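# Fold the following for me, if possible:
(one chain, ligands or ions: 1)
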Amino acid sequence: MKIAKNINELAQFMTQNKEVNIGFVPTMGALHPGHLSLVKAASSQTDYVVVSLFVNPLQFNNPIDLEKYPRNIEGDIALLENSGCNLLFAPSVDDIYPQGVPNIELDIKDLESVMEGKMRKGHFQGVVQVLHRLFSLINPQKAFFGLKDYQQCLVVKRLVDTYFSDIQLFFEPTMREASGLAMSSRNQRLSLEGKKEAAEIYRKLIYCRSLYPAESPLNIIEKGKAEFKKQGLEVEYLEIVEAETLRNPIIWEKNKKYIILAAVYIESVRLIDNLFLN
Ligand code: AMP
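Residues are numbered from 1 along each chain as shown. All right, here's what the predicted structure looks like:
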């Protein structure tokens, strides 16, 4: 595996691989098997896999969250060796934003006015800025993202439809611990007890799914919230939405796909998860 620590090094490797089919996996590091599943998917579908590792300050609305975000580049390099990754791109903030904060315009009001976007002001615009830059630098044919960040998948799709229509997107299933806990870099900040509590998130989502479609969307959410409360867990949001539009349904409609999404605080760590209902 090669490592490019700046744009010049990246450019060298990319010119050597001009003719090949490039797969791209953007990450913020502190890698876990969830990230590696994306790398594996990329290496099975393309000839040259580029993984980026960049903790993007623009997508953190909370400076403490940015400061506490786990970083472990040596560990990440060790995990990526033999994972199917050909090139690790680990740039600095100056490499990615040489002219300060960019302003790529993308209308995502509908996607960022709810759930993650509503709770983390500016988060998705930050995601848009960094991905526009990374896609432009790497020029992949295929790019791989996790369904764990479901709302992000929709934002990426809009970015690609608008600016990079040649890129083919792949959204991969969420990798979980044996307990059901969705793997996340943020789990590193949890105690053993916290991890046990956090596994309840998935259980509650499964409970909610078991009520579909017998109960109404509103009832499912009320019952789900009551379950979280019983367990003493602090729910920031628990919502059922139409998977395509992120609109809350009042009644179930045939031929529509629904997803339930949650953000929950455990030991002051904000965790998200989701599950398709159908
Ligand atoms: P992050 O480093 O958190 O920005 O995540 C980088 C990519 O990995 C994103 O596309 C995430 O959706 C994806 N990802 C994060 N956690 C998981 C997981 N548990 N399973 C599959 N993909 C994941």
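# Please make it C-alpha for all contacts and neighbour counts, starting now.
Noted.
# What residues does the stretch 1-150 of the chain have near the ligand?
Selection of the stretch 1-150 of the chain residues close to the ligand by C-alpha under 6 Å from any ligand atom yields P26, T27, M28, G29, G34, H35, F145, G146, L147, K148, D149.
# State the pair within those that is farthest apart.
G29 and L147 (17.3 Å; C-alpha to C-alpha).
# of these two, who's got more company?
For G29 versus L147, the count of surrounding residues by other C-alpha atoms under 10 Å is larger for G29: 22 against 19.
# quick one: the more buried one and A214, what's the gap?
41 Å (C-alpha to C-alpha, to the nearest Å).
# for K121, same thing?
From K121 to A214 the distance is 35 Å (C-alpha to C-alpha).
# Ok, L66 next?
From L66 to A214 the distance is 42 Å (C-alpha to C-alpha).
# which element is V50 on?
V50 is part of strand 48-53, with elements assigned from DSSP states H and E.
# typo on my end, Q99
Q99 belongs to no helix or strand, assigned by DSSP H and E.
# residues near it, how many?
Q99: 8 neighbours (other C-alpha under 10 Å).
# what's it in contact with, if anything?
Residues in contact with Q99 (C-alpha atoms under 8 Å, 6 or more residues apart in numbering): none are found.
# residue with max distance from the center of this structure?
A214 (30.7 Å; C-alpha atoms, centre = their mean).
# SS state for that residue?
Secondary structure assignment for A214 (DSSP: H, G, I helix; E, B strand; the rest coil): coil.
# Please enumerate the helices of this protein.
In order along the chain, the chain carries the following helices (DSSP state H): 7-16, 33-45, 63-68, 73-80, 93-96, 109-112, 115-119, 123-138, 150-163, 192-211, 217-230.
# Mind putting those into a markdown table with mean pLDDT, mean neighbour count and distance to A178?
Below are those laid out as a markdown table (pLDDT from 0 to 100; neighbours: other C-alpha atoms under 10 Å; distance: least, C-alpha to C-alpha, whole Å):
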| stretch | mean pLDDT | mean neighbour count | distance to A178 |
| --- | --- | --- | --- |
| helix 7-16 | 94 | 14 | 37 |
| helix 33-45 | 98 | 20 | 12 |
| helix 63-68 | 93 | 12 | 26 |
| helix 73-80 | 98 | 15 | 20 |
| helix 93-96 | 97 | 15 | 36 |
| helix 109-112 | 97 | 16 | 32 |
| helix 115-119 | 96 | 18 | 26 |
| helix 123-138 | 98 | 19 | 30 |
| helix 150-163 | 98 | 18 | 21 |
| helix 192-211 | 98 | 18 | 9 |
| helix 217-230 | 98 | 17 | 20 |
